[in-house]
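Asker: What follows is a predicted protein model with its sequence.
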Amino acid sequence: MTSAYLADRPTDAIDAQYVEDAVRDNAWLHFTQMADYRDPDKRPLMIVRGEGSTLWDIDGNAYLDLLAGIYSVNAGYGRRRIVDAMAAQAAQLPYVNPFGYISVPAAVLADRLGDLAPLGGDARVFFTSGGSEAVESALKLAKQYHTINGFPHRWKTISRRVAYHGTTMGALSVNGLTDARAPFGPLAPGARHAPMSHRYRCPYCQDASACTLTCYDEIERLVEFEGPHQVAAIILEPVQNAGGCIPPGSPDYFKKVRKLCDDTGILMIMDEVICGFGRLGTLFASEYYDVVPDLITTAKGITSSYAPLGAVMARKGVADAFAEPATENLPAPVAAARKGGFQHGLTFGGHPVSCAAAIANLDIMLEEDLPGRAREIGQYLRDALEATLGNHPNVGDIRGVGLFLGVELVADRGTKETFRDNALLAWLTDQMRQSGLILRNDSRNDPTTQLCPPLVITREECDRTVAILDETITELGRQLGTVGTRHAAASV
Ligand SMILES: Cc1ncc(COP(=O)(O)O)c(C=O)c1O
């Protein structure tokens, strides 16, 4: 039975049992315990169609996708313009070897991103096929950059605890998630981790009226301890994903990191894999924080996930270092690093069909001002969340930026006591799904409901989302024994 996957057949012609069996027996879902599917009552969710912010499963049930794929379908589903651009490119020329060659769409996209990226103008763009590869490439780029400049001993990195930067070994090393790292050690040496900046649960200043930036001081201390001349890069997410949409405690946080990097020669990498392409209300997240990093990593929203693509964008001065000549009498590692440019490549980096998708996606973003939309509708959604859930006994914090919002769930609002009950969170996710909502109840730190929809989500869809959240979180409250409180009395 091979016809089950033919995309040009009507979705009701798909053989659901065949697909389900394939999932049970052969497919390997990411970060998923496949043994769960031995239970015949547990059916995998098989999505077959999408339009705007709505998805339909194989049985015809509709869902609002509050996760935008995986924080990534920024322009929404059903964008004919992107599909046509991909089809036209595939028909004309599906592939060009990126090792010394380039396709027209890759060159055009590099030119446009080079101008748009907040890196001081004329940035150089190295394409990958996803976010982990973008981070991996940025880390290697930083290390080779320092070797070219005569500092081969700059090999350490600084990132933050609970950070998520991907799953390949280099990217995993800068991750700050213990469970994700644990099975794979030893990881890349030199990866050091500072505390995150988390206003609601800050160990230094959660009770102070404003962030004291002690979290930043910890980065400075770590740099001092590791030796500034040994650190290649500091990599940060603009709004930290794992733990639930955590912006820095102070708007000055990234500016202070910038200054530290200027003072020490460390490269600053903003990992915008989620936060770029409109998510925070600006095309690039670094613009939102008014900071110019040395490198920006991006993926996901770059094509709104119509095709796999990622990129590292480098400040001109950083990229130009790779053209330094290998003059005589250089130490061997420096001479080697100066030969042949960036010593790194990927067969699918900058795939022409993906770049064609990215150009069409960028046109849509700019013509429809999707970043502006994320700002406006993000504020609407946030206001609605605060009005409806702001006093809920199981809602500790509502936070985030643009259309990347988190609702931290607690057992006790007064004491901020958390609950780390994955079964309860799985139940919550299931309840929400049954009510027509796909989203993530993040369990990688303190439990947080994440709202990260396509940037085209409507006000009516936001209202529907908030109503479902109110209902399901109130039900969660019943299970946690908080029913009967002011909120429950008012809303039930
Ligand atoms: C900030 C960040 N960096 C890197 C990655 C890895 O991207 P990918 O899953 O495309 O490899 C992710 C994925 O969610 C991410 O959020």
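Answerer: Looks like it came in fine. Residues are numbered from 1 along each chain as shown.
Asker: What parts of the stretch 51-200 of the chain come near the ligand?
Answerer: 130-132, 135, 164-166 (C-beta under 6 Å from any ligand atom). C-betas here are computed from N, CA, C, even on glycine.
Asker: try it again with 8 Å
Answerer: 70-71, 130-135, 163-168, 171 (C-beta under 8 Å from any ligand atom).
Asker: Please flag which of the residues you listed sit within helices.
Answerer: Residues of these located in helices (DSSP state H): 70-71, 131-135, 171.
Asker: who touches the residue of the stretch 251-400 of the chain found nearest the ligand in this structure?
Answerer: For the stretch 251-400 of the chain, the nearest residue to the ligand under the criterion C-beta to the nearest ligand atom is residue 273, separated by 3.5 Å. Going by C-beta atoms under 8 Å, 6 or more residues apart in numbering, residue 273 touches 131, 134-135, 165-166, 237, 297-300, 310.
Asker: quick one, phi psi at it?
Answerer: With angles defined as degrees, to the nearest 10, residue 273 sits at phi -60, psi -40.
Asker: Quick check: closest non-adjacent residue to it.
Answerer: Once flanking residues are discounted, residue 273 sits nearest to residue 131: 3.8 Å by C-beta to C-beta, 6 or more residues apart in numbering.
Asker: thinking that neighbour is in contact with residue 166, fair?
Answerer: Yes: Residue 131 is within contact range of residue 166, at 5.4 Å (criterion: C-beta atoms under 8 Å).
Asker: which of these two has more neighbours?
Answerer: Neighbours per residue, other C-beta atoms under 10 Å: of residue 131 and residue 166, the larger number sits with residue 131, 30 against 23.
Asker: For that one, report the pLDDT, please.
Answerer: Listed pLDDT for residue 131 reads 98.
Asker: contacting residues for the nearest residue to residue 453 once chain neighbours are set aside?
Answerer: Distances taken as C-beta to C-beta, 6+ apart place residue 66 nearest to residue 453, at 4.9 Å, with adjacent residues excluded. Residues in contact with residue 66 (C-beta under 8 Å, 6+ apart) are 53, 437-439, 450-453, 465.
Asker: Mind checking which of those residues are in strands?
Answerer: 437-438, 450-451 (DSSP state E).
Asker: how is this structure carved up into domains?
Answerer: Domain ranges of the chain: 45-74+370-491, 82-367, per automatic domain parsing.
Asker: Please convert those to TSV, extending it with distance to residue 38.
Answerer: Listed next are the domains of the chain as TSV, based on distance: least, C-beta to C-beta, whole Å:
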stretch	distance to residue 38
domain 45-74+370-491	17
domain 82-367	22
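Asker: which residues does the one residue sitting closest to the centre of the chain contact?
Answerer: By C-alpha atoms, centre = their mean, the chain has its centre lying nearest to residue 274, at 2.7 Å. Contacts for residue 274 (C-beta under 8 Å, 6+ apart) come out as 71-72, 237, 239, 241, 300-301, 404, 452.
Asker: Next one: it, what pLDDT does it get?
Answerer: For residue 274, pLDDT reads 98.
Asker: Restricting the selection to alpha carbons, write the helix or strand that contains residue 372 to CSV.
Answerer: According to DSSP states H and E, residue 372 maps onto helix 370-389. The C-alpha trace of helix 370-389 is given here as CSV (Å, rounded to 0.1, in the frame of the first residue of the first chain):
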residue,chain,number,x,y,z
LEU,A,370,3.5,40.2,10.0
PRO,A,371,6.0,41.5,12.7
GLY,A,372,3.6,44.5,13.3
ARG,A,373,0.7,42.0,13.5
ALA,A,374,2.6,39.9,16.1
ARG,A,375,3.0,43.1,18.1
GLU,A,376,-0.6,44.1,17.9
ILE,A,377,-2.3,40.7,18.2
GLY,A,378,0.3,39.6,20.8
GLN,A,379,-0.8,42.5,23.0
TYR,A,380,-4.5,41.6,22.4
LEU,A,381,-3.8,38.0,23.4
ARG,A,382,-1.8,39.0,26.4
ASP,A,383,-4.5,41.4,27.6
ALA,A,384,-7.1,38.7,27.2
LEU,A,385,-4.9,36.2,29.2
GLU,A,386,-4.4,38.7,32.0
ALA,A,387,-8.1,39.7,32.1
THR,A,388,-9.2,36.1,32.2
LEU,A,389,-6.4,34.2,34.0
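Asker: List the buried residues of that helix.
Answerer: Using 16 or more other C-beta atoms under 10 Å as the burial criterion, the residues of helix 370-389 that qualify are 370-371, 373-375, 377-378, 381-382, 384-385, 388-389.
Asker: circling back: now the contacts of residue 66 in CSV, with neighbour count and pLDDT?
Answerer: Converted to CSV, the contacts of residue 66 look like this (neighbours: other C-beta atoms under 10 Å; pLDDT from 0 to 100):
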residue, neighbour count, pLDDT
53, 23, 98
437, 23, 98
438, 21, 97
439, 23, 96
450, 21, 97
451, 29, 98
452, 27, 98
453, 30, 98
465, 24, 98
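Asker: Identify the residues contacting the residue in the chain that the ligand sits nearest to.
Answerer: Across the chain, no residue is closer to the ligand than residue 131, which sits at 2.1 Å (C-beta to the nearest ligand atom). Residues near residue 131 by C-beta under 8 Å, 6+ apart: 166, 171, 273, 297-300, 310.
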